[in-house]
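# Okay, sequence plus prediction incoming.
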Amino acid sequence: MLFSLGLLYDPAVIFCTILVAAILLDLWIGEPKWIPHPVVQMGKLISFLEKKWNKGKHRKGKGVGLTVTVLLTVFLLTISILYIVYQIHPVVCAILQIYLISSTIAVKGLSSAAKDVLSPLMDGNLIEARRMLSMIVGRDTENLSESEIVRGTVETVAENTVDGITAPLFWAMIGGAPLAMVYRAINTLDSMVGYKNDRYIEFGWASAKLDDIVNWVPARITAISIWLSSFVIKGSKKRNGWKVTWRDARKHPSPNSGWSESMIAGLLGIRLGGVNYYRGIKSKRAYLGDPLRELVRFDIKKTIIYMHGGWIVFLVIGLCILLLNR
């Protein structure tokens, strides 16, 4: 009995409980409109500074300044708020950590977005499916066939399994809410200024590079986690998943996105990548996987299952490491 009570006050157990509670909170409420979302505030800060600094000479240096300013602001603000709340009561601080970590994770949001594309597809409504896909991808969707709609959805879910779930979890495991928030700030910076166009090629250089760095380890662990989860997912081509990942992951223009995309392509026995159009401009990406068959609607549902399997295995591995090293 005393041993059991001791575990309740073990810092590692408390921290693991916070992580699990954060995931459960996201699965329950997702991103409700009625709660001020920290990422929205990050976006406002980035937008404000970008308009002021992204002009004239030395844009690369100004971009570095933007990255440092935003990350320091987010980190120091998070630490300060948690410290103040801890003085009120440790339990209140734990609850705040749960919310902050939850706000960096998007399990429910990613799953819902994919289902929003799948639902009209099941009804044969390509127009609505294209519209829903356009909400989550940057490519042109107006003229996409059903198989291309499926490809876009599968690629987005596979890629964002890292950005939206496992990477923030990874950094939360290392540094709690402060590092999870810093990761989300880096990811938000990359999504806002990390483009390789005339406006952002220099100004967003630091943000894009840092995003590649912080996702490097999580992306590879995620691919392994998805593969491990495939052992309990019926119909998975496990050997093919491993083969395709090691063969094709590095072909992706991102040093990280190719790992989860290649793994899911291999497990499903499909081919991702190919031609996309962005505002009418053709873009060709390397193929990931082999065209063993055509993409079908069910591939979206199966990808969502792999997404869930991947983050669950990822979380279990992380919790085991935390508990064994306490």
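Happy to help now that I have it. Residues are numbered from 1 along each chain as shown.
# From now on I want contacts and neighbour counts done on CA atoms only, so please keep to that.
Noted.
# quick one, phi/psi of the closest residue to residue 127 other than its chain neighbours?
Spatial nearest neighbour of residue 127, chain neighbours left out: residue 142 (7.8 Å); criterion: CA to CA, 6 or more residues apart in numbering. Residue 142 adopts backbone torsions of phi -60, psi -30, taken as degrees, to the nearest 10.
# Let me see the ranges of the strands in this protein.
With DSSP state E, the ranges of strands along the chain come out as 271-278, 281-289.
# between the longest one and strand 271-278, how big is the angle?
Going back to what we said before, that points to strand 281-289. Strand 281-289 and strand 271-278 are oriented at 170 degrees to each other (axes from the mean of the first three to the mean of the last three CA atoms, to 10 degrees).
# Could you point out which residue ranges in the protein have low pLDDT?
For the chain, residues meeting the criterion pLDDT under 70 lie at 1-9.
# residue boundaries of the helices in it?
2-8, 11-29, 38-53, 59-88, 90-103, 107-122, 126-134, 146-161, 167-193, 205-229, 238-248, 257-268, 298-324 (DSSP state H).
# I'd like to know which of the ones you listed is closest to residue 284.
helix 146-161 (13.8 Å; CA to CA).
# which outside residues touch that closest one?
110-111, 114, 117, 121, 126, 129-130, 133, 136-137, 141, 222, 257-258, 260-261, 264, 272-273, 294-297, 299-300, 303-304, 307, 311 (CA atoms under 8 Å, 6 or more residues apart in numbering).
# Please produce a markdown table containing the strands of the chain, extended by mean neighbour count and distance to residue 71.
Listed next are the strands of the chain as a markdown table, based on neighbours: other CA atoms under 10 Å; distance: least, CA to CA, whole Å:
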| stretch | mean neighbour count | distance to residue 71 |
| --- | --- | --- |
| strand 271-278 | 17 | 30 |
| strand 281-289 | 16 | 32 |
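# now these in CSV, with distance to residue 251?
Converted to CSV, those look like this (distance: least, CA to CA, whole Å):
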stretch, distance to residue 251
strand 271-278, 10
strand 281-289, 6
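# Can you check which of those strands gets nearest to residue 83?
Across the strands of the chain, residue 83 has its closest neighbour in strand 271-278 (45.3 Å, CA to CA).
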